[in-house]
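> Provided below are the primary sequence and the corresponding predicted coordinates.
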Amino acid sequence: MQRRLMAWGAILAMLSVAFGAFGAHMLKDAISEEDLQVYQTGVHYHMIHALGLILIALVIGQWGESPRLKWAGRLLCLGIILFSGSLYALSLSGISVLGAITPLGGVCFLAGWLCLAWEALSRGQKA
């Protein structure tokens with residue numbers, strides 16, 4: 001699990017850089033300023049949560065696997081897909097209904113970080 005999360009975190013971080021460069025160089029004259037800002041918000045959250053996956057992989061290396069840490073990783077991955085993915089699609093397609101998916105990704109992000117916090121707090125009680 002640790003190696004997979006580390007690999008996925010690194011791949012998703014790399015994709016975030018690629019998507020950011022694509023937005024900065026290819027989209028700046030192709031879409032509106034507002035849509036570009038929406039796209040860049042997707043890139044920003046994409047990178048933060050890719051780094052979160054790497055953090056969870058490092059935590060697993062320190063503490064070992066647990067169901068909460070597994071869920072934290074799954075939820076951050078799903079959040080990237082739903083939150084950032086919907087913002088990318090919305091900004092590029094203009095289909096406003098895609099914006100309804102974005103909050104679901106945000107909930108996944110929140111739940112993933114909560115799982116990590118819960119694991120950290122429960123570890124403190126075992127000491």
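Here it is on my side, so go on.

> where does the protein have low pLDDT?
Scanning the chain for pLDDT under 70 picks out 124-127.

> All the helices of it, residue numbers only.
Ranges of helices in the chain, per DSSP state H, are 2-22, 33-63, 67-79, 85-93, 102-126.

> got TSV for the ones you listed, with mean neighbour count too?
Every C-beta, even on glycine, is put in place using the N, C-alpha and C of the backbone. Output for the helices of the chain, formatted as TSV (neighbours: other CB atoms under 10 Å):
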stretch	mean neighbour count
helix 2-22	16
helix 33-63	18
helix 67-79	21
helix 85-93	19
helix 102-126	15
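
> List phi and psi for Ile31.
phi -130, psi 170 (degrees, to the nearest 10).

> Tell me who's in contact with it.
Counting by CB atoms under 8 Å, 6 or more residues apart in numbering, Ile31 makes contact with 39, 91-92.

> Quick check, Arg68 in contact with Glu119.
Yes: using CB atoms under 8 Å, Arg68 makes contact with Glu119 at a distance of 4.2 Å.

> Put together JSON lines for the contacts of Ile31, with distance to Cys77 on each row.
Below are the contacts of Ile31 laid out as JSON lines (distance: CB to CB, whole Å):
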{"residue": "Tyr39", "distance to Cys77": "20"}
{"residue": "Ser91", "distance to Cys77": "21"}
{"residue": "Leu92", "distance to Cys77": "21"}
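
> Between the residues you listed, which sits nearest Ala100?
Distances from Ala100 to the contacts of Ile31, taken as CB to CB, are shortest for Ser91 (14.8 Å).

> how about the closest residue to Ala10 other than its chain neighbours, what does it touch?
Closest residue in space to Ala10, ignoring its immediate chain neighbours: Ile54 at 6.8 Å, by CB to CB, 6 or more residues apart in numbering. Applying CB under 8 Å, 6+ apart, we find Ile54 in contact with 5-6, 9-10, 13.

> State the distance from Ile54 to Ile95.
32 Å (CB to CB, to the nearest Å).

> cool, and Gly79?
20 Å.

> one step back: make CSV out of the contacts of Ile54 and add distance to Leu110.
Below are the contacts of Ile54 laid out as CSV (distance: CB to CB, whole Å):
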residue, distance to Leu110
Leu5, 19
Met6, 23
Gly9, 18
Ala10, 23
Ala13, 20
